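Student: Need coordinates for the following:
(one chain, ligands or ions: 2)
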Amino acid sequence: MKKTSMILDVDTGVDDAFAVLFAARHPEINLLGITCVDGNTNVDQVIENTLKVLDAAGAADIPVARGAVRPLLGKSQYAEYVHGADGMGDLGIAPSSRKVDPRSAVELLRDLIEESSEPVTLVPMAPLTNIALFLRAFPETAKKLHRIVLMGGSASAGNATAAAEFNVWHDPEAAAIVFQSGIPITMYGLDVFMRPGATSEDAAQLRKSPDPAAQFAATLIEAFIERLHVSPITLGDYGAVASAIRPQLFTTEIFDVVVDTSQGPARGQTICDRRAAFLKALEPNDLSDAASVRVTLDLDVEAVEQLWFKTIDKQWL
Ligand code: RIB
Ligand code: CA
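Tutor: Ligands and ions are numbered 1, 2, ... in the order given. Predicted coordinates for the structure are as follows:
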């Protein structure tokens, strides 16, 4: 079986937890490590939450490293209204006995990529502060990355603001550095982010499994539904991991993309140039510093959902 060597960068977060559970369990993923960053909540809480998820997944001893404590320039802005004060639904889940890796996030990224005999896919699903710092600290190692599949951005509307998606909005300068890196990027953004979901009926089905990962997933789903008063709730960041190993389930198109780092109402917007070629002739240089990015526009929702459920719950029919 061909495996994808993968590193996640997370701000766990309930939907990051859905992604970590999947990546730790799926047989075609060789999860090399996880780096944590300030985003949905503070980085130390992110670490604590991520270690708890690895426990629930029954994962091997995967290194988890501490990264940036705030954006490059801006201040931290937490999404407690979505993820709770502790970032994972305020469920009072017992702390893990696992320990954070002694290396910083950028050191762990360097070591894992240098030591890997296989090309490494990096899947950030949080503000891109760690990735930007890594690119600046170890550019020669960064060049060895196979690709970046990131949850972030939007070719349409925003969520943190009218224009910007939360991960890019939280640290636009970091996002601009990553988008301009020259590393092949697939953007899994708000155009698809909300569509793979889970209902309380799905949670009830997961409850029938003796598997701790299925029970943990059911608890998160139920908590997310109760907190946001919506059903289905999105499986969120998980979709980026799925698109990295099942690209055939996703529809993408390559656009020139630039991150708005101004201080205006569009700050943090990922401006995707979707104009027909002949129209660009009118103003060919209006997107200076644009990067050529593979943008995810559609997906087979049913197949992506079933992929998650069957990975989390071996008894899922
Ligand atoms: O905009 C969605 C993103 O913001 C997701 O990664 C979610 O976890 C939050 O970090
Ligand atoms: Ca996230």
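Student: ranges for the strands of the protein?
Tutor: 4-10, 29-36, 64-66, 120-124, 147-151, 185-188, 197-198, 233-234, 250-259, 270-273, 291-299 (DSSP state E).
Student: I'd like to know how many residues surround the residue lying closest to Ile271 once chain neighbours are set aside.
Tutor: Nearest residue to Ile271, sequence neighbours excluded (Cβ to Cβ, 6 or more residues apart in numbering): Val258, at 5.1 Å. Yep, even glycine has a C-beta here, placed from its N, CA and C like the rest. Val258 has 20 neighbours, counted by other Cβ atoms under 10 Å.
Student: wait, Val258 sits on Leu287?
Tutor: Yes: using Cβ atoms under 8 Å, Val258 is in contact with Leu287, at 4.8 Å.
Student: anything in contact with each of those two?
Tutor: Residues touching both Val258 and Leu287 (Cβ atoms under 8 Å, 6 or more residues apart in numbering): Ile271.
Student: Next, format the strands of the chain as CSV and append distance to ligand 1 and mean pLDDT.
Tutor: Supplementary listing: the strands of the chain in CSV, determined by distance: least, Cβ to the nearest ligand atom, whole Å; pLDDT from 0 to 100:
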stretch, distance to ligand 1, mean pLDDT
strand 4-10, 8, 98
strand 29-36, 12, 98
strand 64-66, 17, 98
strand 120-124, 9, 99
strand 147-151, 5, 98
strand 185-188, 10, 98
strand 197-198, 14, 98
strand 233-234, 9, 96
strand 250-259, 14, 97
strand 270-273, 12, 96
strand 291-299, 14, 97
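Student: Can I get the ones you listed in CSV including distance to Ile221?
Tutor: Shown next, in CSV, are the strands of the chain (distance: least, Cβ to Cβ, whole Å):
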stretch, distance to Ile221
strand 4-10, 18
strand 29-36, 21
strand 64-66, 23
strand 120-124, 21
strand 147-151, 18
strand 185-188, 20
strand 197-198, 5
strand 233-234, 6
strand 250-259, 23
strand 270-273, 29
strand 291-299, 20
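Student: from the chain's centre, how far out does stretch 133-140 sit?
Tutor: 20 Å (Cα atoms, centre = their mean, to the nearest Å).
Student: now what about it, what contacts it?
Tutor: 67-68, 72, 105-106, 109-110, 141-142, 174, 177-178, 181.
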